[in-house]
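**Student:** Sequence first, predicted coordinates after that:
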Amino acid sequence: MSSAVTMYQQSLEDVLIFLLFGIGAKVIILLVIRTHPPKVPKGRIILWYGLGAYWAISSLIQMWPTMAVASAQSLQTHPLLHALAPFWGNHPVANTLWSIVIQMVLGIVLLTERENITGRIALILSAIWSFFLWIAGENWGGLTHTSASLVMGSPGAGFFALLASLALLAPVSLWTNAKVPQWIFKLLVVVWGLGTIWQVIHFSSATAWQPVWIPQVDGAEPHWVIALRHGEQVLLEHNALVINLVLVALMILMEVLFIIPSPKALFWTVLAINLAAFWWLGQGFGFRPAYGANLNTAPLLLLLILSTKAYWRKVEGQKQMSSRLSA
């Protein structure tokens, strides 16, 4: 294991030098050639930059030394990552480095090339990479396994990243008339509702929560994450029913707030509590070893809701007001 880590660190240094030169060249180009992106709805801007930041940060997390080793030696036992493990395990260092480079390049391009041809090409590649991670790295987001749970990241970070990429590839006109925000938000409401129902049915016992902590996998996380999550493991072993009841109550409340008009402070507070619980209990703060999209689904859910919810309801209200005035 130590030799694999050493090889990984040496190779990572070469990759970082390459990325630093690339980033430096990009910064120089931006300083010399200044362009102003076209005006587009605010929600689209949030989603564009948010997706770029998501890929860049996931790339940084993927650099953690034990990621390559964990993927080679233990991730094949993980029910949500079983499909890709044999292929990944043959060349763990090279595959991890490729994952780092792909995500970092996607992040940099999306953060610097908004609403132009280069940015759109990056969105297409983002969609392809997301789909690959979803079907291979996440085994369809874990939907084929009984441990599937919105708390643990199902239907998958790849799914939500693919959704974000496709939404940004849609014409700006579909954002201006709020069609895309409406479709995305309504889909998220359905996903949240189904996730809540499954949480009620399946996660009231400690046995159902076992995939939250798999020693061979989670042992590769940074030490401070392991320390924080150890308390979570103890709590779930002894109070699974109570914790699940609290989670379900929070998820039901969030579903209600999705559907009916509610004060902004209440909506965002309850959403933040839900997503923080998901990210802590089931997603290891984004540090669980993975093949990509390491931040997991909670940040993507927040990003998608933030970029769509307020915008399409605002446009919907404006349409209702204009129809009343015309009447």
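**Tutor:** Received the coordinates, thanks.

**Student:** Only C-alpha atoms from now on, for both contacts and neighbour counts.
**Tutor:** Will do.

**Student:** Please identify the helix or strand for the closest residue to Leu123 other than its chain neighbours.
**Tutor:** Once flanking residues are discounted, Leu123 sits nearest to Ser165: 5.5 Å by C-alpha to C-alpha, 6 or more residues apart in numbering. If you go by DSSP states H and E, Ser165 is part of helix 157-169.

**Student:** which of the residues in that helix are buried?
**Tutor:** 157-165, 167-169 (16 or more other C-alpha atoms under 10 Å).

**Student:** Show residues contacting it.
**Tutor:** Outside of helix 157-169, the residues within contact range by C-alpha atoms under 8 Å, 6 or more residues apart in numbering are 44, 47-48, 51, 120, 123-124, 126-128, 130-134, 138, 141, 180, 184, 293, 296-297, 300-301, 304.

**Student:** Generate the ChimeraX command that creates a selection of the buried members of the residues you listed.
**Tutor:** The buried residues among these can be selected in ChimeraX (16+ other C-alpha under 10 Å) with this line:
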select :44,47,48,51,120,123,124,126,127,130,131,132,133,134,138,141,180,184,293,296,297,300,301,304
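
**Student:** so where is the stretch 101-250 of the chain shaky, pLDDT-wise?
**Tutor:** Where the stretch 101-250 of the chain drops to pLDDT under 70, the residues are 146, 214, 216-217.

**Student:** again, only using 80
**Tutor:** 136-139, 142, 144-147, 204-208, 210-224, 227-234 (pLDDT under 80).

**Student:** can you give me the helices for it?
**Tutor:** Ranges of helices in the stretch 101-250 of the chain, per DSSP state H, counting those that start in this stretch, are 117-132, 157-169, 172-176, 179-202, 215-218, 223-259.

**Student:** Nearest to Thr308, out of those helices?
**Tutor:** Closest to Thr308 of those, according to C-alpha to C-alpha: helix 179-202, at 4.5 Å.

**Student:** and the closest one with helix 223-259, angle?
**Tutor:** With axes from the mean of the first three to the mean of the last three C-alpha atoms, to 10 degrees as the basis, helix 179-202 and helix 223-259 are set at 110 degrees to each other.

**Student:** Name the residues of helix 179-202 that are buried.
**Tutor:** Within helix 179-202, the residues that count as buried by 16+ other C-alpha under 10 Å are 180-182, 184-186, 188-189, 192-193, 195-196, 198-199, 202.

**Student:** just how off-centre is that helix within its chain?
**Tutor:** 16 Å (C-alpha atoms, centre = their mean, to the nearest Å).

**Student:** With distance to Met63 added, can I get the helices of the stretch 101-250 of the chain in TSV?
**Tutor:** Below are these laid out as TSV (distance: least, C-alpha to C-alpha, whole Å):
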stretch	distance to Met63
helix 117-132	18
helix 157-169	18
helix 172-176	35
helix 179-202	31
helix 215-218	16
helix 223-259	15
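
**Student:** related to what we said a few turns ago, can you tell me which of the buried residues of helix 157-169 is nearest Asp218?
**Tutor:** Of the buried residues of helix 157-169, the one sitting nearest to Asp218 (C-alpha to C-alpha) turns out to be Ala157, at 17.9 Å.

**Student:** Relative to Thr112, how far out is that closest one?
**Tutor:** The spacing between Ala157 and Thr112, counted by C-alpha to C-alpha, to the nearest Å, is 23 Å.

**Student:** What of Gln210?
**Tutor:** 41 Å.

**Student:** Between those two, tell me which one has more neighbours.
**Tutor:** Thr112 (16 against 13; other C-alpha atoms under 10 Å).

**Student:** if I look at the more buried one, how far off is Tyr54?
**Tutor:** Distance from Thr112 to Tyr54, counting by C-alpha to C-alpha: 14 Å.

**Student:** next one: Met104
**Tutor:** As judged by C-alpha to C-alpha, Met104 and Tyr54 stand 10 Å apart.

**Student:** now swap in Gln210 and tell me
**Tutor:** 28 Å.

**Student:** and what of Leu235?
**Tutor:** Look at Leu235 and Tyr54: by C-alpha to C-alpha, they are 30 Å apart.

**Student:** what's the closest of the buried residues of helix 157-169 to Leu228?
**Tutor:** Ala157 (22.5 Å).

**Student:** ok, how many other residues are close to the residue nearest to Phe278 when sequence neighbours are not counted?
**Tutor:** Once flanking residues are discounted, Phe278 sits nearest to Val151: 4.5 Å by C-alpha to C-alpha, 6+ apart. Per other C-alpha under 10 Å, the neighbour tally for Val151 reads 25.

**Student:** I am assuming Val151 contacts Gly282, so please confirm or correct that.
**Tutor:** Yes: taking contacts as C-alpha atoms under 8 Å, Val151 lies within contact range of Gly282: 5.3 Å.
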